[in-house]
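In: sequence and predicted structure are below.
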Amino acid sequence: MAKDKTLFELQAEVCKTIASPKRLEIISALKEGEKSVTELVEILGVPKANVSQHLAMMRHKGILKARREGVNIYYSISNQKVIDACNLMREVLTEMMRERRKLAKLVEM
């Protein structure tokens, strides 16, 4: 039981880490492969310092991995299952939104 408690605590920490829209955008941007910090700044349209802060936190929590090539740092997802989990949650949310729209249409009738 103590093992389960530890696992739940770790799961909660990871969920808290990705509970930011910007961090989810970063994960989405990295789905196709690694990107440099500069590329991520362009994709997200936020200051480099902000992107770097998010990347550092996700790297520290083991969600991302980084490699340096000259002056550039490239980030990638550390485990494909992170992407799978995010995709699954998006599917659940999409289904929930569809269901709510159906219910709203029924109420309007």
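Out: Okay, I see it.
In: where's the residue positioned nearest the centre of the chain, which helix or strand?
Out: Nearest residue to the geometric centre of the chain (C-alpha atoms, centre = their mean): Leu24, 3.2 Å. In the assignment (DSSP states H and E), Leu24 maps to helix 21-29.
In: what distance separates that helix from the centre of its chain?
Out: Relative to its chain's centre, helix 21-29 lies at 5 Å (C-alpha atoms, centre = their mean, to the nearest Å).
In: helices or strands up against it?
Out: For helix 21-29, the contact count by 3 or more C-beta pairs under 8 Å, 6 or more residues apart in numbering; DSSP states H and E identifies helix 37-44, helix 48-60, helix 80-108 as packing neighbours. Where C-beta positions appear, they are placed from N, C-alpha and C, glycine not excepted.
In: do I have it right that Val37 meets Gln53?
Out: No: judged on C-beta atoms under 8 Å, Val37 makes no contact with Gln53 at a distance of 11.1 Å.
In: quick one: buried residues of the helix holding Leu24?
Out: Within helix 21-29, the residues scored as buried using 16 or more other C-beta atoms under 10 Å are Arg23, Glu25, Ile26, Ile27, Ala29.
In: tell me what angle that helix forms with helix 37-44.
Out: Calculated by axes from the mean of the first three to the mean of the last three C-alpha atoms, to 10 degrees, helix 21-29 forms an angle of 110 degrees with helix 37-44.
In: next, the angle from helix 21-29 to helix 48-60.
Out: Calculated by the same axes, to 10 degrees, helix 21-29 forms an angle of 70 degrees with helix 48-60.
In: low pLDDT regions in the protein?
Out: Under the criterion pLDDT under 70, the flagged ranges of the chain are 1, 109.
In: so Val37 and Gln53 - more neighbours on which side?
Out: Val37 (16 against 13; other C-beta atoms under 10 Å).
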